[in-house]
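**Student:** here is a sequence together with a model predicted from it:
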Amino acid sequence: MTTLSCLETEPNSLSQERKGVELTVQGTVQGVGFRPFVYRLARDFKIGGTIANTSQGVVIQAEGLTVDLDNFLQALSEEAPPLARISSISQKRLPITDRQAFTILKSSSEHNTTKTIIPADIALCDDCRKELLDPADRRYRYPFINCTNCGPRFTIVSSIPYDRLGTSMHSFPMCRNCQAEYDDPDNRRFHAQPNACPECGPHISWHASTGEQLPCHDPITETIQGLNDGSIVAIRGMGGFHLVVDAGSEPAVALLRKRKQRQSKPLAIMVADLEAAGLICHLSAVASQTLASPAHPIVLVPRKETVSLAVNLAPGMGEIGIMLPYTPLHHLLFATPGCPQALVMTSGNRNGEPLCTGNKEAVSRLGDIADFFLLHNREIVTRIDDSVIRIMQGRPRLLRRARGYVPNPIPLTQSLPPLLACGSGLKNTFCLVRDDMAFISQHIGDLANMESLAFFQESIYHLQELLETRPQLVVCDLHPDYLSSRHGQELAWELGIPRLLVQHHHAHAVAVMAEHGLKDSVLAIILDGTGLGPDGTIWGGEILEVTRTDFIRRGYLAPLPLPGGDAAAEQPWRMGLAALYHSFGEEGLKESRLPTALLGVAEEKRTAVLAMIQSGFNSPLTSSGGRLFDAIAALLGIRLDSDFEGQAAMEVEAIARQWPRPEEHRERLEEPVEENGLFIIDSGLFIRRMLHDLEAGKSIAELAMGFHSWLIDSLVVTIRELAVSSGIRTVVLSGGCLQNRIIMEGLFQALEQDDFQVFTGQEVPVNDGGISLGQAVIGGLRYVSGNTHAGH
């Protein structure tokens, strides 16, 4: 916790005199039990005065003996509730008025700018869980139990200050008992805005796929019965809908995949508790702590081979996404007799569309997927997906930043003008900057249709309203065809404000710099699928020298043809043929040269690809790390056609992890070629050796691990060379390929052994979900300095 106040002290002789102060506390201090905490402190230290939520933050007027007031101020900083995050406390003296009582005032919104941070949604706390399952409690089996320490926050807030009238709970006036709890400073629900009970709060209901409400005694019991019968149930949750099936039923999972048109993309599961998770997966201490943290994210963990889960949950993957119940409704499902050991909990949306939030919307869009609906009548103001984490280097690293983490800000090293950074075209997030805080949005997803664009636009508007900020600058990716870039351009025209363009991989690097507060120049390894370079070519395997406003390209993966353009990302066999052409020339595409896996590609397709490569028609060159992974997947017969982005690369990693002695594996390494000051890492010779070893009978797992070793070593050798010439000893790692644990951990280990300081994303995804933060920092600093170019 950071306190920026300079608390005034008094000489000991004056400690029995009275004094008054006004404190403005900024940070995540609304919706986390902060006002009740302050009230109790004031009572304990005999402090008179008031406290109120305002759009400037929490304002405390306090008066008492100097010694008591000093103790009160110290406890305010040191003993704040665990979910509170204090970013600053400012103080000014007030005249003495002999106030004895301490009062919580009605919230005020009289100020013009807000310094308040709305908290993220919080998983059900242990106290509420015990009450939920206690037959003697008045909230026994009530699906919306909560208190100041848990429950919905960001998803129900429509306006600030954070009071009940500014949430979707305004439709549910509290009953006498709930109001008494709300008004009692010694109660855990003192000023808990979502407070409710069966008498006065929201309720659940059971519906057919048509939306018709079905009569039943207990919708929870009906849900369990439906799941055991193999049905798909759409459940309205905290931030949207889940599509739910029995994770142990292969037919039910297959039916869900068929109806949702999700052929093989991994499905996340939910289990009752850590004990149940340990029966299914190999859990490290860090994974267990992360699963049980207040955010309750999905965590990717190795699956145990002997577990009786459906084999089609995550085909081809060595890990499975698992999470624990985070709402009372989830806990009730698992507490009901007959509940399956594990439940698939996948996003409730049609393929490629945003998460459904409203009941009518869900019935309309999911009615041909779900057999039944478990609905409730509390409005979801903000849709938000489950967050996803992978443990790498023994640390939790966010791959998808959403529920439980948004809208928590990323602190910046300096204040920047208010701005909007529009993010990338895939895995989109946007970022709003207010002073020295960057607010990255929840995961928006791929901006591929009008529905996702509408979600993007409505989310920008809503977060702007909550932060009470209006951009003076719009920052976009250099690629003009991203829907995010197009919207940014239109918005800049509409508002009459500047628009700055930022190169994709520069933004990746600076996102890591911003998260870790790095100000000096760094070397950056950026490996991803695609990004437009300033030279108009497709980049994606880059070694850059980076400052927060500029970059210089220092090295890259030798470009491969991209036959068919975007089609090559969906059909790795195209990249396999491109790699053969790069390594052997036209001879590489002859049938006698083809590895076994590519013999199944029809001759006319191979001929068409060769023609594209030789003519350059619809076959641009790319240095993409992602496409190189695709090529390896095809050449080794791991994946010829992809069902979702990154599938081939994920499967190459999963196969490589089967090699039993990865620490012993080292490939013969050629020094990178230097041309005109640029280091070029050429995969051609490695691919020749790999195919020779494949013909000689080496295992696919060993060859896949060999590729990882070659890539890691090639990058490290290049960094060493650049460090000598530049004097830079700090390296940042980013890009979607750095979600690969072998690559991430291998680079860290090798570089740290050479005494480099190495940084990568932890709170901010290294994939395109972190792009908006990098854009925001680059754009803001360029705007302040008058530098508006897009790099070298």
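**Tutor:** Thanks, I have the structure now.

**Student:** shaky segments in the stretch 1-150 of the chain?
**Tutor:** 1-15, 55, 107-115 (pLDDT under 70).

**Student:** quick one, helices of it?
**Tutor:** In chain order, the stretch 1-150 of the chain shows helices spanning 34-44, 66-78, 126-132, with DSSP state H, counting those that start in this stretch as the criterion.

**Student:** which residues sit against stretch 357-373?
**Tutor:** Where contact means CB atoms under 8 Å, 6 or more residues apart in numbering, the residues beyond stretch 357-373 that reach it are 206-211, 214, 222-223, 226, 231-236, 239-241, 243, 256, 259-260, 348-350, 353, 356, 375, 377, 379-380, 383. From N, CA and C alone the C-beta is placed, and that goes for glycine too.

**Student:** which ones among those residues map onto helices?
**Tutor:** By the criterion of DSSP state H, membership of the contacts of stretch 357-373 in helices covers 222, 223, 226, 256, 259, 260.

**Student:** which one of the residues you listed sits closest to residue 269?
**Tutor:** In terms of CB to CB, no member of those lies closer to residue 269 than residue 256, at 12.1 Å.

**Student:** assign a three-state SS to residue 659, would you?
**Tutor:** For residue 659, the secondary-structure state derived from DSSP: H, G, I helix; E, B strand; the rest coil is coil.

**Student:** so residue 413 sits in a strand?
**Tutor:** Yes: judged by three-state DSSP, residue 413 forms part of a strand.

**Student:** burial measure for it, as a count.
**Tutor:** Using other CB atoms under 10 Å, residue 413 has 14 other residues around it.

**Student:** re the thing from before, need the helices of the stretch 1-150 of the chain in JSON lines (columns: mean neighbour count and distance to residue 402).
**Tutor:** Formatted as JSON lines, the helices of the stretch 1-150 of the chain follow (neighbours: other CB atoms under 10 Å; distance: least, CB to CB, whole Å):
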{"stretch": "helix 34-44", "mean neighbour count": "21", "distance to residue 402": "24"}
{"stretch": "helix 66-78", "mean neighbour count": "18", "distance to residue 402": "30"}
{"stretch": "helix 126-132", "mean neighbour count": "16", "distance to residue 402": "22"}
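
**Student:** buried stuff in the helix or strand harbouring residue 612?
**Tutor:** For residue 612, the host element (DSSP states H and E) is helix 603-615. Neighbour-count burial for helix 603-615, counted by 16 or more other CB atoms under 10 Å, picks out 606, 609, 610, 612, 613.

**Student:** hey, what's residue 213 bridged with?
**Tutor:** Taking DSSP bridges, one finds residue 207 as the beta-bridge partners of residue 213.

**Student:** ok, it touching residue 219?
**Tutor:** No: Residue 213 is beyond contact range of residue 219, at 9.9 Å (criterion: CB atoms under 8 Å).

**Student:** if I look at the closest residue to residue 94 other than its chain neighbours, how far off is residue 44?
**Tutor:** Sequence neighbours aside, residue 20 is the residue nearest to residue 94 in space, at 3.7 Å (criterion: CB to CB, 6 or more residues apart in numbering). Noted for residue 20: a distance of 18 Å to residue 44, by CB to CB, to the nearest Å.

**Student:** same check, this time on residue 578
**Tutor:** Residue 578 is 71 Å from residue 44, by CB to CB.

**Student:** please apply the same query to residue 654.
**Tutor:** As defined by CB to CB, residue 654 lies at a distance of 56 Å from residue 44.

**Student:** same question, residue 577
**Tutor:** Residue 577 sits 74 Å away from residue 44, going by CB to CB.

**Student:** next one: residue 761
**Tutor:** 42 Å.

**Student:** show me the shaky parts of the protein.
**Tutor:** When the per-residue scores of the chain are filtered using pLDDT under 70, the ranges that remain are 1-15, 55, 107-115, 662-669, 788-792.

**Student:** with adjacent residues omitted, what lies nearest to residue 18?
**Tutor:** In this structure, residue 18 finds its nearest non-sequential neighbour in residue 96, 5.3 Å apart by CB to CB, 6+ apart.

**Student:** next up, the contacts around that neighbour.
**Tutor:** For residue 96, the contact set (CB under 8 Å, 6+ apart) comprises 18, 19, 20, 63.

**Student:** so can I have CSV of the helices of the stretch 1-150 of the chain showing distance to residue 26?
**Tutor:** Formatted as CSV, the entries for these read as follows, by distance: least, CB to CB, whole Å:
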stretch, distance to residue 26
helix 34-44, 11
helix 66-78, 13
helix 126-132, 28
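
**Student:** minimum distance to residue 105: which of the ones you listed has it?
**Tutor:** Each of those was checked against residue 105 via CB to CB, and the shortest separation belongs to helix 34-44, namely 9.5 Å.

**Student:** what's that closest one packed up against?
**Tutor:** If contacts are counted by 3 or more CB pairs under 8 Å, 6 or more residues apart in numbering; DSSP states H and E, helix 34-44 sits against strand 48-54, strand 57-65, helix 66-78, strand 102-104.

**Student:** residue 571 contacts residue 642, doesn't it?
**Tutor:** Yes: with contact defined as CB under 8 Å, residue 571 reaches residue 642; the gap is 7.1 Å.

**Student:** counting neighbours, go ahead and name the busier of these two.
**Tutor:** For residue 571 against residue 642, the residue with the higher neighbour count under other CB under 10 Å is residue 571, and the figures read 23 against 20.

**Student:** which one is the more buried one nearest to, not counting chain neighbours?
**Tutor:** Closest residue to residue 571 apart from its sequence neighbours, by CB to CB, 6+ apart: residue 641 at 5.4 Å.

**Student:** for the one you found, grab the count of nearby residues.
**Tutor:** By the measure other CB under 10 Å, the count of residues near residue 641 is 12.

**Student:** separation between it and residue 220?
**Tutor:** Computed with CB to CB, the distance linking residue 641 and residue 220 is 41 Å.

**Student:** show me what contacts residue 38?
**Tutor:** Taking CB under 8 Å, 6+ apart as the definition of contact, the neighbours of residue 38 are 51, 58, 60, 76.

**Student:** how much space between it and residue 263?
**Tutor:** With CB to CB as the criterion, residue 38 and residue 263 are 54 Å apart.

**Student:** quick check: residue 216 touching residue 207?
**Tutor:** No: under the criterion of CB under 8 Å, residue 216 lies out of contact with residue 207, with a separation of 10.0 Å.

**Student:** looking at the two, which is more packed in?
**Tutor:** A side-by-side neighbour count of residue 216 and residue 207, using other CB under 10 Å, places residue 207 first with 20 against 13.

**Student:** I figured the more buried one hits residue 222, correct?
**Tutor:** No: using CB under 8 Å as the test, residue 207 is too far from residue 222 to be in contact (10.0 Å).

**Student:** overlap in contacts of those two?
**Tutor:** Any residue near both residue 207 and residue 222 by CB under 8 Å, 6+ apart counts here, and that gives 214, 372.

**Student:** tell me how far residue 409 lies from residue 775.
**Tutor:** Between residue 409 and residue 775 the computed distance is 16 Å (CB to CB).

**Student:** residue 676: which of the helices of the stretch 1-150 of the chain is closest?
**Tutor:** Among the helices of the stretch 1-150 of the chain, the nearest to residue 676 by CB to CB is helix 66-78 (55.9 Å).
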